[in-house]
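A.B. asks: Let's see this in three dimensions:
(one chain, ligands or ions: 1)
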Amino acid sequence: MTLSKQPVLLVHGGAWAIPYDAVDAHQHGVRKAAEAGWRVLEQGGTALDAVEEAIAVMEDDDTFDAGRGSFLNEDGKVQLDALIMEGSTLQAGGVGCVERLRNPIRAARKVLNDSPHIYFVGEGAERFAEEHGIALCANEDLILERELVRWKDAKKQKFLTVPPEFAGPPMDSHDTVGAVALDAHGNISAGTSTGGTLNKAAGRIGDSSLIGCGCYADNLSAAVSTTGWGEPMMKLVLSKWAADRVEMGEAPQQVAQAAIDRLQSRLKGHGGIILLDSQGRIGLAHNTPRMAWAWRRPGENADGVQSPRG
Ligand code: ASP
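C.D. replies: Okay, here's the model as predicted:
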C-alpha cells in the first residue's frame with residue numbers, strides 16, 4: 001500500500017463561551033487529544049484509529065461534556081451519544097442514550113467494525129458493547145460533583161431543556177468533543193462524542209451522533225464534526241450540507257464559515273464546526289465566543305480556544 005499523503009489531524013473540544021477559569025483545561029485537553037491521535041497517524045495508522053484515540057482521550061478528561069464529567073439530563077443521569085465514520089467505505093457506527101459506557105466512541109467503533117447495523121441506542125447499545133468486550137460501568141461513575149451542582153442550579157432556575165434561541169446557563173460551560181483526520185493512505189474519518197445539553201429530556205438525542213448532522217465523512221467530500229445547540233444543526237443536516245459544498249469545489253475554510261453563517265441566519269443557531277478534505281485542507285469556524293481546537297500536521301501544530309481565522 002502506498003503512503004502518499006501527509007497526515008493531518010484536527011480536533012475540537014466544544015464551542016459555547018468556555019469561561020475564563022476553564023480555558024487552560026480546555027486547551028490542555030485538546031492538545032493531549034491531538035497528541036494521542038497524531039501518534040497513531042505518525043506510525044502509519046488509519047484516520048479512523050486516530051479519531052477514536054483522540055476522542056477517547058477527551059472522553060476520559062473531566063473537562064469536556066463527553067464521557068465522565070458530562071452534563072446531567074432531567075433525571076440527573078449522564079446519557080451519552082457518539083458517532084464515528086470512515087470516508088473510504090462510508091462505514092459508520094453510532095450509539096445513543098448510553099448510560100453505562102465510559103467511552104461511547106469505542107462502542108461506536110465496535111458498531112462500525114462488527115455490526116451490519118449503524119446505530120444502537122440505550123440498553124441494546126450497552127449490551128452490544130459488552131458482548132464485544134467493552135466493560136460497563138455504573139452511571140454514578142460518570143457523574144461529577146461539579147455537574148450535580150450545575151444541574152441542581154439549572155433545575156432551580158427552571159432552565160429550559162430546549163431554549164428557542166442560544167441563551168442561558170450552558171453558554172458559560174463546557175462542551176462536546178470531535179475529531180477529523182487524514183491518514184497517509186489518503187483516507188479521512190470523523191467522530192463526535194457528547195453528553196448532550198444540560199438538563200436535556202431523558203431519551204433526547206442531539207446532532208452529535210446522527211450521520212450528516214453532527215458528524216460525517218466521505219473521501220469524496222470532507223470529514224466534519226460539529227458542536228453547539230443540536231436541534232438547529234439537525235434541522236439543517238449541517239455536516240452533510242458542509243461536506244456537499246466541499247465536494248462541489250469550495251474550500252473547507254470557506255465552507256466552515258458558510259455553514260455557521262447558515263446556522264445563524266436560518267435558525268438563529270449557535271455552534272462550531274471543523275472540516276477536513278482528503279487533500280488535507282482544513283476549515284474551522286464558530287459563532288460562539290470560544291471553541292477549543294488543536295491541529296497537527298508534519299512539522300506544524302497549533303491550538304487555541306478561539307478561531308485562528310477570525
Ligand atoms: N451538539 C450537542 C447536542 O446538542 C451539544 C454540544 O455540542 O454542545 O447534543
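A.B. asks: Work out for me the element the closest residue to residue 121 other than its chain neighbours sits within.
C.D. replies: Spatial nearest neighbour of residue 121, excluding adjacent residues (C-beta to C-beta, 6 or more residues apart in numbering): residue 96 at 4.2 Å. In short, each C-beta sits where N, CA and C put it, glycine included. Per DSSP states H and E, residue 96 falls inside strand 92-98.
A.B. asks: And the ligand, is that strand touching that?
C.D. replies: No. Against the ligand, strand 92-98 shows no contacts by C-beta under 6 Å from any ligand atom, the least distance being 10.2 Å.
A.B. asks: Contacts made by that strand with the rest, please.
C.D. replies: 79-86, 101, 104, 107-113, 115, 118-122, 125-126, 129, 203, 205, 209-211, 217 (C-beta atoms under 8 Å, 6 or more residues apart in numbering).
A.B. asks: can you pull the contacts of residue 54?
C.D. replies: Contacts of residue 54 by C-beta under 8 Å, 6+ apart are 9, 11, 33, 34, 36, 37, 179, 181, 191.
A.B. asks: List the residues that contact the fifth one.
C.D. replies: Applying C-beta under 8 Å, 6+ apart to residue 36 gives the contacts 53, 54, 56, 57.
A.B. asks: neighbour-wise, which of those residues leads?
C.D. replies: residue 54 (33 neighbours; other C-beta atoms under 10 Å).
A.B. asks: The one helix or strand residue 234 maps to packs against which elements?
C.D. replies: Here residue 234 sits within helix 230-236, counting by DSSP H and E. Helix 230-236 sits against helix 252-267, with contacts defined as 3 or more C-beta pairs under 8 Å, 6 or more residues apart in numbering; DSSP states H and E.
A.B. asks: Can you name the element that comes right after the helix it packs on?
C.D. replies: strand 271-276.
A.B. asks: What helices and strands are in contact with that following strand?
C.D. replies: Counting by 3+ C-beta pairs under 8 Å, 6+ apart, strand 271-276 packs on strand 8-12, strand 177-182, strand 223-228, helix 238-247, helix 252-267, strand 282-286.
A.B. asks: what's the angle from the third one to strand 282-286?
C.D. replies: In this case it means strand 223-228. 10 degrees (axes from the mean of the first three to the mean of the last three C-alpha atoms, to 10 degrees).
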